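A.B. asks: need coordinates for the below:
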Amino acid sequence: MIHSGSMATDGSAVAGDRMGLIERAARFCVVFLAAIIIASAVAAQQRVTPVRVDAVTRGPLVQTIPVIGRLVTRQSGPVAARSAGPVAVVLVEVGDRVKKGQVLVRLVTESLNAQRDVRIAELNRARLELRRFERLRQRGSAAFPRARYETAVQDVARAVAALKLAQIEINYAEIRAPYPGVITVRNTETGAYVKAGDAVVTMVNDLALEIEADVPANRISGLGAGTQVTFRIDTQPGKRFTARVRAVVPVDNPMTRTRAVRFTPRLAAGGDGIAVNQSVTVDIPIGKPRHVVSVHKDAIVHKQGRTMVFVVTGGKAMIRPVRLGDAVDSRFIVVAGLRAGELVVVRGNERLRPGQPVRYGKAGGKPPGKPQVKKTQKGS
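C.D. replies: Now for the predicted structure:
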């Protein structure tokens, strides 16, 4: 006979054994998963990660202010006829690029040719008359008329000059480009009559450009002849060009308290997107250069409210806090935390862990000594 109390005790013991097995299995799983996580972390720590690096540099910094200017040409305007006559043909269209000396317009030359023929005949007749008097003089004839001989000499000289003028008029019938450039206006058409001084075309030389900017008079001190500046063209964002001061016009504008400054830019001849009167922004230096240490903006990472960079040391990326100053183009001035020549990670740093091995190619970075600029607000 089995008592009910004994059966209850045996059931409780079996249930306890099962619970113990479950707990031990659970602990084993936790330990196993922790081991996997640790192993993965160690493996990730040891895996070599490809990155891109950039050198921390030291170089001169020039403080600047932006001033709005425009591209102007040194040669432009109407091309005038130098003699009168009807237009035979206009050889160019608006937008055509022409070379210096290229024929733009031809005038009708029939009457000019006829006038030249008359001048040639007059010259021949004057020379015949002069030769006749010279023969008389050589013979020592008493009938030699000295006064008529001197008049004949003068007649030949006048005839030669008249023929030259007639040939000049014919040459003027071909109106040529005085400089290279682009035709902007056709001021006459075939069949029209032009007088000396009338415009036949208007053209602009877009190969001889300058920058004109009105610079605050209190900022002129940093602009001497030959001073190099940088500028940007509004239609080409992201690109920087250089120019040198050609002249500072010594006249103050009493309304704006500025002076006109002319810069000679370095631009490709006939560069795409370059046009006369196009707006540009010139960085005007306002102080003496000072040397600073700078780091590329892409090297900066923010962790737990702190500014950090990954510095490559012994093939490993070591994290380091830094203190930064003002932004200079694509770089930050380094106040503390980095030295010139150190390599910092600028690509791939978002997935790095401190001490992780890395590999990289050739380091970038601006070479020390290359001037940089720090921009301030206009007119500051």
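A.B. asks: return the list of strands paired to whichever strand or helix holds residue 318, each annotated with direction.
C.D. replies: Assessed by DSSP states H and E, residue 318 sits inside strand 316-321. With DSSP bridges as the test, strand 316-321 is paired with strand 306-313 (antiparallel), strand 356-359 (antiparallel).
A.B. asks: hey, least reliable of those strands by pLDDT?
C.D. replies: Across the strands paired with strand 316-321, strand 356-359 has the smallest mean pLDDT, namely a mean of 88.
A.B. asks: give me the contacts around it.
C.D. replies: 44-51, 312, 315-317, 345, 348, 352 (CB atoms under 8 Å, 6 or more residues apart in numbering). To be clear about C-beta, it is placed using only N, CA and C from the backbone, and glycine gets the same treatment.
A.B. asks: any stretches of the stretch 1-150 of the chain with poor pLDDT?
C.D. replies: 1-22, 24-26, 28-46, 141-143 (pLDDT under 70).
A.B. asks: follow-up on the earlier one: which one of the strands paired with strand 316-321 is the most hemmed in?
C.D. replies: strand 306-313 (a mean of 18; mean count of other CB atoms under 10 Å).
A.B. asks: who touches that strand?
C.D. replies: 51, 53, 295, 299-302, 317-324, 337-338, 342-345, 349, 352, 358, 360.
A.B. asks: the closest residue to residue 273 other than its chain neighbours - how many residues pack around it?
C.D. replies: Distances taken as CB to CB, 6 or more residues apart in numbering put residue 235 closest to residue 273, at 5.4 Å, once the chain neighbours are dropped. For residue 235, the count of nearby residues is 13 (other CB atoms under 10 Å).
A.B. asks: would you check that residue 109 makes contact with residue 171?
C.D. replies: No: using CB atoms under 8 Å, residue 109 is not in contact with residue 171; the gap is 9.9 Å.
A.B. asks: more crowded one of the two?
C.D. replies: For residue 109 versus residue 171, neighbours defined as other CB under 10 Å are more numerous around residue 109 (20 against 13).
A.B. asks: ok so, going back, the residue nearest to residue 273 in helix, strand or coil?
C.D. replies: Using DSSP: H, G, I helix; E, B strand; the rest coil, the structure places residue 235 in coil.
A.B. asks: surely it meets residue 280?
C.D. replies: No: with contact defined as CB under 8 Å, residue 235 does not reach residue 280; the gap is 9.6 Å.
A.B. asks: what's the overlap in contacts for the two?
C.D. replies: Between them, residue 235 and residue 280 share no contacting residue, judged by CB under 8 Å, 6+ apart.
A.B. asks: on that earlier part again, just checking, which of the contacts of strand 306-313 belong to strands?
C.D. replies: Judged by DSSP state E, the contacts of strand 306-313 include 53, 295, 301-302, 317-321, 323-324, 343-345, 358 as members of strands.
A.B. asks: farthest pair in these?
C.D. replies: 323 and 358 (24.1 Å; CB to CB).
A.B. asks: ok, and what's touching stretch 97-117?
C.D. replies: Counting by CB under 8 Å, 6+ apart, 79, 81, 83, 85-92, 163, 166-167, 169-170, 172-183, 188, 194, 200-201, 203, 270 sit against stretch 97-117.
A.B. asks: distance of residue 176 relative to residue 268?
C.D. replies: For residue 176, the distance to residue 268 (CB to CB, to the nearest Å) stands at 27 Å.
A.B. asks: who has more neighbours, those two?
C.D. replies: Neighbour comparison, residue 176 and residue 268: the larger count goes to residue 176, with 16 against 8 (by other CB under 10 Å).
A.B. asks: ok, that one - contacts?
C.D. replies: Taking CB under 8 Å, 6+ apart as the criterion, residue 176 is in contact with 101-104.
A.B. asks: quick revisit: just the buried subset of the contacts of stretch 97-117, written out for PyMOL, thanks.
C.D. replies: Selection of buried members from the contacts of stretch 97-117 for PyMOL, criterion 16 or more other CB atoms under 10 Å:
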select buried, resi 79+81+83+85+87+88+90+92+163+166+169+172+173+175+176+177+179+180+181+182+183+188+194+200+201+203
